[in-house]
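*Asks:* give me the fold of what follows.
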Amino acid sequence: MLNVLENYKFPAKEKPLSEKESEKVINEIKILLKDKNAVLISHYYTDPIIQKLTDETNGFIGDSLQMAKFGKEHPSKTMVICGVRFMGETAKILSPEKKILMPTLEAECSLDLGCPPKKFNDFCDSHPDRMVVVYANTSAAVKARADWIVTSSNAIQIIEHLDQLGKKIIWGPDRHLGSYIQKQTKADMLLWDSECIVHDEFSSKLLKDMKYLYPDAAVLVHPESPASVVELADVVGSTSQLIEKAKTLMQKQLIIATDKGIFYKMQKAVPEKELIEAPTAGNGATCRSCAHCPWMAMNTLKKLKEALTTNINSNEVFVDEALIPKALISLDRMLKFKN
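*Replies:* Numbers count the residues shown, from 1 in each chain. Sure thing, here's the model as predicted:
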């Protein structure tokens with residue numbers, strides 16, 4: 001993996017608000033959203049208190065592409081994106097005429113950081129015979145270089161389609177997801193070497209131990225996880241796919257190998273089932289994420305309120321206008337793709 005994360009200093013965690021303080025800030029945010037005719041759009045991996053507020057204000061919770069599509073179709077001219085920076089950029093690319101705000105513009109993504117545009121461009125230039133397919137978890141500049149953009153829910157179908165056309169592929173940035181797709185499709189794929197710090201830390205050894213403790217449980221795994229973890233799964237899928245599959249599984253206990261932020265929506269979908277966190281290799285304080293993205297955790301009530309008041313000018317998302325039409329080409333290809 002490109003060693004871009006070693007020197008990254010995660011921001012200090014905010015002092016948590018008391019229950020009374022949280023209630024006060026939540027009520028203030030509800031008023032601000034209404035006054036500014038803004039809609040709250042949050043990722044499955046944000047804090048449950050953010051997701052609950054999103055539900056209560058008739059906003060939307062979903063994966064990165066679902067978030068951007070909802071915002072594009074929503075009548076509000078202001079979107080508040082709770083997630084990481086590339087999600088705000090994707091929303092801006094699809095809705096350039098709208099104001100896009102985020103609780104913080106410092107919320108990064110290890111996949112985005114692990115795929116610097118210049119290095120990725122050089123990599124693509126050295127393989128001109130290959131079509132460039134990138135995961136949605138990338139910067140606007142990388143999306144602009146791509147021929148196709150995919151999500152974890154449609155990547156296999158799109159790669160199969162391109163393989164049937166005889167295309168050789170450059171894949172970026174997640175090597176685990178790329179390896180999983182390559183194994184499923186047998187396509188000729190050259191993989192960029194990066195990873196999600198959350199999913200990379202799930203441990204097959206510890207997961208085997210957990211399966212022994214819960215022999216009747218089903219194991220649900222996101223394909224950004226290492227191959228040894230994916231091999232132990234009963235279900236492999238995107239965040240949305242895992243939630244949907246949880247509804248139809250017969251098992252009453254589910255071991256979940258993805259960011260634990262998903263538990264909010266999944267538990268609402270299957271209130272009668274027990275959700276169990278899959279173990280991470282970090283085994284506690286030594287891990288980088290401990291099954292929760294440190295950048296997603298930056299989306300707090302305090303920052304959200306500030307984005308709608310004192311920081312409203314500095315928390316707006318902008319994308320280089322020259323990149324938008326280029327990125328839209330690859331996004332539109334995906335949106336128009338039919339299996």
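*Asks:* separation between the nearest residue to Ser225 once chain neighbours are set aside and Pro103?
*Replies:* Take Ser225 and drop its neighbours on the chain: the residue closest to it by CB to CB, 6 or more residues apart in numbering is His199, 4.4 Å away. In short, each C-beta sits where N, CA and C put it, glycine included. Using CB to CB, to the nearest Å, one obtains 23 Å as the distance from His199 to Pro103.
*Asks:* also Ser153?
*Replies:* Taking CB to CB, one finds Ser153 at 26 Å from Pro103.
*Asks:* ok, these two, which is more surrounded?
*Replies:* Neighbours were counted for Ser153 and for Pro103 using other CB atoms under 10 Å; Pro103 has more, 27 against 17.
*Asks:* next up, phi/psi of that one, please.
*Replies:* Main-chain torsions, Pro103, degrees, to the nearest 10: phi -60, psi -30.
*Asks:* now do the same contact list for the residue lying closest to it once chain neighbours are set aside.
*Replies:* Nearest residue to Pro103 in three dimensions, chain neighbours excluded: Lys303, at 3.8 Å (CB to CB, 6+ apart). Applying CB atoms under 8 Å, 6 or more residues apart in numbering, we find Lys303 in contact with Glu14, Pro103, Thr104.
*Asks:* surely Leu206 and Ala281 touch.
*Replies:* Yes - counting by CB atoms under 8 Å, Leu206 touches Ala281, with 7.2 Å between them.
*Asks:* average pLDDT for the strand or helix carrying Tyr264?
*Replies:* Assigned by DSSP states H and E, Tyr264 belongs to helix 263-269. Averaged over helix 263-269, pLDDT sits at 98.
*Asks:* packing partners for that helix?
*Replies:* helix 48-56, helix 239-248, strand 253-257, strand 274-277 (3 or more CB pairs under 8 Å, 6 or more residues apart in numbering; DSSP states H and E).
*Asks:* could I get the ones you listed as a markdown table with mean pLDDT?
*Replies:* Formatted as a markdown table, the helices and strands packed on helix 263-269 follow (pLDDT from 0 to 100):
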| stretch | mean pLDDT |
| --- | --- |
| helix 48-56 | 98 |
| helix 239-248 | 97 |
| strand 253-257 | 98 |
| strand 274-277 | 96 |
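*Asks:* okay, these, which one's buried deepest?
*Replies:* strand 253-257 (a mean of 23; mean count of other CB atoms under 10 Å).
*Asks:* just checking, what packs against that one?
*Replies:* Using 3+ CB pairs under 8 Å, 6+ apart, strand 253-257 sits against helix 204-213, strand 218-221, helix 263-269, strand 274-277.
*Asks:* give me that answer again for 6 Å
*Replies:* Applying 3 or more CB pairs under 6 Å, 6 or more residues apart in numbering; DSSP states H and E, one finds that strand 253-257 contacts strand 218-221, strand 274-277.
*Asks:* mind listing residues that contact that strand?
*Replies:* Strand 253-257 is contacted from outside by 202, 214, 217-221, 225, 229, 246, 273-276, 278, using CB atoms under 6 Å, 6 or more residues apart in numbering.
*Asks:* write the ChimeraX selection for whichever of the residues you listed are buried.
*Replies:* Remark: buried members of the contacts of strand 253-257, expressed as a ChimeraX selection using 16 or more other CB atoms under 10 Å:
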select :202,217,218,219,220,221,225,229,246,273,275,276,278
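*Asks:* closest to Ser330 out of the contacts of strand 253-257?
*Replies:* Proximity of those to Ser330 (CB to CB) peaks at Ser225, which lies at 25.5 Å.
*Asks:* tell me the contacts of that closest one?
*Replies:* His199, Phe202, Ala257.
*Asks:* show me the contacts for the second one.
*Replies:* It stands for Phe202. Ser225, Val229, Ala257, Ala278, Thr280.
*Asks:* surely Cys293 meets Val198?
*Replies:* Yes - using CB atoms under 6 Å, Cys293 makes contact with Val198 at a distance of 5.2 Å.
*Asks:* now do the shared contacts for the two.
*Replies:* By CB under 6 Å, 6+ apart, the residues touching both Cys293 and Val198 are Asp259.
*Asks:* can you count the residues close to the residue nearest to Pro48 when sequence neighbours are not counted?
*Replies:* The shortest distance from Pro48 to any non-neighbouring residue, by CB to CB, 6+ apart, is to Tyr264 (4.2 Å). Using other CB under 10 Å, the number of residues around Tyr264 comes to 22.
*Asks:* again, but for Cys293
*Replies:* Around Cys293 there are 26 residues (other CB under 10 Å).
*Asks:* got the contact list for stretch 151-159?
*Replies:* Leu65, Ala136, Val150, Ile181, Gln184, Thr185, Ala187, Pro223, Ser238, Gln241, Phe337, Asn339.
*Asks:* mind redoing it with 8 Å?
*Replies:* Residues from elsewhere that reach stretch 151-159 (CB under 8 Å, 6+ apart): 63-65, 133, 135-136, 148, 150, 169, 171, 177, 181, 184-185, 187, 189, 222-224, 237-241, 334, 337, 339.
*Asks:* possible to save the contacts of Lys303 as JSON lines with pLDDT and distance to Asp55?
*Replies:* Shown next, in JSON lines, are these (pLDDT from 0 to 100; distance: CB to CB, whole Å):
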{"residue": "Glu14", "pLDDT": "80", "distance to Asp55": "22"}
{"residue": "Pro103", "pLDDT": "97", "distance to Asp55": "17"}
{"residue": "Thr104", "pLDDT": "95", "distance to Asp55": "21"}
